[in-house]
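Student: got a structure for you, letters missing:
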Ligand code: NAD
């Protein structure tokens, strides 16, 4: 069985740690390779390489850096199908969905090509007699990224294109469940002309991550993953003086008002709940119909649609399935456990995905789509993130009750409201304690030139990812006040605060 190592200083490097983890093809259940779990020393070596590369990379002109990213974007376009197949083979998602993920990552690389415009800083002349003031937005140094399994291409690309464009060097620590795509991205960056050592990949687990959180040469850490780990990353990285943005888990609600176009809402809900087998941080996992009649109609339509849900391998000859398998057997068992927990705590299991007959499933990690009704806050299937193809209907008697249900939840990543009433939509946008809100849009993921991030326990740290916040995160502001001899001479020494 081959062992996937690291990518350091522009080349693949075998790990000597002696520790590995299996990577599976979720569609067949077979182990496809082993990934190295790097030692602390190997991780420190990557930090040394990135630190050394910073001296020259930070001095490359912004436009030259941007041109390398432009070439990288072109290579992503040329290799989109290959990357999508790689993603599907290790994650399980269907090919078209994987290709969509590549596109959304590529869009951040595209945005990063314009970073020179956003890194210009500010200037004021004559702030005092003969004094000009301006800001520099300088790169930080070595930055690290730690990513989750569910977007092995897009989430790393939320981070490194902007970090690199701003003049930083980077160490990527991908998920050990699907590590091959970030390795391929490293090769494409090299092909685009990125100097060796500027982008490195260290595969591993907590041992590698802890070096990135504590080594004083690492200046900033971007993390995306589950909330308990996000909290740990934020606390540990911050305690070691690093800038940290740590995006965590989610439980996203879609409120369906009585006046909503129900067919449109149901279509949107099916994709948002079951697309990518529910393994999306912006997946809708709770539908909140307002009023009993809305709830009954919604439920009937969802049952009808679930009957048509097509499930199968991510890569097929012919049209794609709607959803593929879950990422690992362990995760499959965990999601099944949540379905059972919902039954045990009294929710009504309307459609049981565990009973789905999936043609050609073999030993793959497949599970059908499940639907619960009469879920209430307090039940664990409402409190906790399931991260699988399980949708809960939690009925609300009024708009205010729906808003309360969303706002009382510990997570605040994404939410949506479906309605024809502009006033209700506006009220929702104003009152809701969630970072990303969709109005008749089920998965309101901001475009690359806006920033992505949740509220409450879905994000630790002040800055969101990519867009303007991405540039702020990967740069440090320095303000210069300068005066040049101009014939203006101070007559006396001044010991008070200057107040020009
Ligand atoms: P995870 O938290 O298990 O792993 C994320 C990363 O952290 C991986 O690289 C992993 O190797 C590392 N890690 C795991 N345990 C660690 C530990 N004890 N110490 C240090 N590092 C550790 O998350 P996952 O299961 O890979 O991904 C799914 C989660 O990610 C879900 O909760 C999902 O909501 C979340 N997610 C959030 C967003 C967002 O934007 N908020 C986006 C995508 C995924």
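Tutor: Cool, got the structure. Please read all numbers here as calculations on a predicted model, not as lab measurements. Numbers count the residues shown, from 1 in each chain.
Student: Next, count neighbours for residue 480.
Tutor: Residue 480 has 11 neighbours, counted by other Cβ atoms under 10 Å. Backbone N, C-alpha and C define where each C-beta goes, glycine included.
Student: Show me where the stretch 151-300 of the chain has its helices.
Tutor: Along the stretch 151-300 of the chain, the stretches classed as helices by DSSP state H, counting those that start in this stretch are 154-165, 180-191, 206-214, 227-239, 262-274, 292-308.
Student: And the last one, how far out from the chain middle?
Tutor: Its chain's average C-alpha position is 31 Å from that of helix 292-308, according to Cα atoms, centre = their mean, to the nearest Å.
Student: which helices and strands does that helix pack with?
Tutor: Contacts defined by 3 or more Cβ pairs under 8 Å, 6 or more residues apart in numbering; DSSP states H and E place helix 292-308 against helix 262-274, strand 284-289, strand 348-351, strand 370-373, strand 390-393.
Student: again with the second one
Tutor: If contacts are counted by 3+ Cβ pairs under 8 Å, 6+ apart, helix 180-191 sits against strand 6-8, helix 62-78, helix 80-91, helix 154-165, strand 199-201.
Student: about what we covered before: please identify the deepest-packed of the helices of the stretch 151-300 of the chain.
Tutor: Mean neighbour count (mean count of other Cβ atoms under 10 Å) peaks for helix 154-165 among the helices of the stretch 151-300 of the chain, with a mean of 28.
Student: what does stretch 124-140 rub up against?
Tutor: Contacts to stretch 124-140, defined as Cβ atoms under 8 Å, 6 or more residues apart in numbering, come from residues 54, 58, 119-123, 166-168, 219-220, 243, 471, 474-484, 486, 488, 498, 500.
Student: okay, now the closest residue to residue 428 other than its chain neighbours: neighbour count?
Tutor: Spatial nearest neighbour of residue 428, excluding adjacent residues (Cβ to Cβ, 6 or more residues apart in numbering): residue 417 at 4.5 Å. Using other Cβ under 10 Å, residue 417 is surrounded by 30 other residues.
Student: I figured residue 417 hits residue 257, correct?
Tutor: Yes: between residue 417 and residue 257 there is a contact at 6.8 Å, judged by Cβ atoms under 8 Å.
Student: what sits in contact with each of these two?
Tutor: residue 424.
Student: on that earlier part again, would CSV of the helices and strands packed on helix 292-308 with distance to residue 17 and mean pLDDT be doable?
Tutor: Below are these laid out as CSV (distance: least, Cβ to Cβ, whole Å; pLDDT from 0 to 100):
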stretch, distance to residue 17, mean pLDDT
helix 262-274, 38, 97
strand 284-289, 37, 98
strand 348-351, 44, 98
strand 370-373, 40, 98
strand 390-393, 37, 98
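Student: and of those, who's closest to residue 364?
Tutor: helix 262-274 (16.6 Å; Cβ to Cβ).
Student: From the contact counts, what lies against that closest one?
Tutor: Right, helix 262-274 is packed against strand 252-256, strand 284-289, helix 292-308, strand 390-393, strand 414-418 by 3+ Cβ pairs under 8 Å, 6+ apart.
Student: Without its sequence neighbours, what residue ends up closest to the residue nearest the centre of the chain?
Tutor: Geometric centre of the chain, nearest residue: residue 155, 4.4 Å, by Cα atoms, centre = their mean. Distances taken as Cβ to Cβ, 6+ apart put residue 147 closest to residue 155, at 4.5 Å, once the chain neighbours are dropped.
Student: check contacts around that neighbour.
Tutor: Contact partners of residue 147, counting by Cβ under 8 Å, 6+ apart, are 155-156, 159, 172-175, 182, 224-225.
Student: Equivalent analysis for residue 241, please.
Tutor: Counted by Cβ under 8 Å, 6+ apart, residue 241 has contacts residue 216.
Student: can you check the one 4 residues further on too?
Tutor: Residues counted as contacts of residue 245 (Cβ under 8 Å, 6+ apart) are 221-223, 453, 459-461, 463-465, 473.
Student: Contact residues of the stretch 251-400 of the chain facing the ligand?
Tutor: Contacts of the stretch 251-400 of the chain with the ligand, taken as Cβ under 6 Å from any ligand atom, map to 281, 385, 387.
Student: For residue 68, the count of nearby residues, please.
Tutor: Residue 68: 20 neighbours (other Cβ under 10 Å).
Student: and it, how far is that from residue 112?
Tutor: 10 Å (Cβ to Cβ, to the nearest Å).
Student: any common contacting residues for the two?
Tutor: Both residue 68 and residue 112 are in contact with residue 164, where contact means Cβ under 8 Å, 6+ apart.
Student: what's near enough to touch the residue lying closest to residue 145 once chain neighbours are set aside?
Tutor: In space, and not counting its chain neighbours, residue 145 is closest to residue 159: 4.1 Å by Cβ to Cβ, 6+ apart. Going by Cβ under 8 Å, 6+ apart, residue 159 touches 143, 145, 147, 170, 172, 222, 465-466, 470.
Student: again with residue 298
Tutor: Counted by Cβ under 8 Å, 6+ apart, residue 298 has contacts 256, 262, 265-266, 287, 289, 393.
Student: Go through these and name the one nearest residue 99.
Tutor: Distance to residue 99, by Cβ to Cβ, is smallest for residue 266 among these, at 25.1 Å.
Student: tell me which of the residues of the stretch 251-400 of the chain next to the ligand is nearest to residue 370?
Tutor: residue 387 (13.0 Å).
Student: Within range of the ligand, give me the residues from the protein.
Tutor: Checking the chain against the ligand by Cβ under 6 Å from any ligand atom, the hits are 146-151, 155, 173, 175-176, 205-206, 209, 224-226, 229, 247-250, 281, 385, 387, 413, 454, 458.
Student: Let's see the ChimeraX selection covering just the buried ones among those.
Tutor: Selecting only the buried entries of the residues of the chain next to the ligand in ChimeraX, with 16 or more other Cβ atoms under 10 Å as the criterion:
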select :146,147,148,149,150,151,155,173,175,176,209,224,225,226,229,247,248,249,250,281,385,387,413,454,458
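Student: Just the residues of the chain next to the ligand: which are in strands?
Tutor: Mapping the residues of the chain next to the ligand onto strands (DSSP state E) picks out 146, 173, 224, 247.
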